[in-house]
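Visitor: dropping the sequence and predicted coords here.
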Amino acid sequence: MHEMSITQSVVDAVVARLGEASVSCVRLEIGRLSGVVPDSVRFCFDVLCSGTSLDGARLEIEEPSGRARCRDCGAEFTLDDFILLCPCTSANVEVLAGRELRITSVEVV
């Protein structure tokens, strides 16, 4: 499960940046095309925060949809899964958004 190592990196980054400051909330953006399962990150977060300055912190995850542009017809459209097909049925698409994986903010008590 790569979500464990991703979540460990998030926890490590917050602790490295804020030290022992008590954290009350961490907000992440995990795009629907990132390949990361938000529910797995939530589970891992609770486990990995135990005994750190993030112990008891809330985790809020925004899951933006994917966006793509068809290279054949020029249409822009949204994607919520990995089936990269334009409504015109072309698979010649460029993914514009939805692969995000970032810490957007951290609240300190």
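Guide: Nice, thanks for sending it over. Numbering: from 1, shown residues only.

Visitor: could you use CA atoms for every contact and neighbour count after this?
Guide: Will do.

Visitor: now the strands for this protein?
Guide: 23-30, 58-62, 66-70, 76-79, 93-97, 101-108 (DSSP state E).

Visitor: please enumerate residues in contact with the fifth one?
Guide: Contact with strand 93-97 is made by 31, 65-72, 84-86, as judged by C-alpha atoms under 8 Å, 6 or more residues apart in numbering.

Visitor: before we move on, back to that, could I get the strands of the chain as JSON lines with mean pLDDT?
Guide: Formatted as JSON lines, those follow (pLDDT from 0 to 100):
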{"stretch": "strand 23-30", "mean pLDDT": "97"}
{"stretch": "strand 58-62", "mean pLDDT": "98"}
{"stretch": "strand 66-70", "mean pLDDT": "96"}
{"stretch": "strand 76-79", "mean pLDDT": "94"}
{"stretch": "strand 93-97", "mean pLDDT": "96"}
{"stretch": "strand 101-108", "mean pLDDT": "97"}
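
Visitor: which non-adjacent residue is nearest the residue most central in space within the chain?
Guide: For the chain, residue 30 is the residue whose C-alpha lies nearest the centre (C-alpha atoms, centre = their mean; 1.7 Å). Of all residues beyond its chain neighbours, the one nearest residue 30 is residue 101 (4.6 Å), with distances taken as C-alpha to C-alpha, 6 or more residues apart in numbering.
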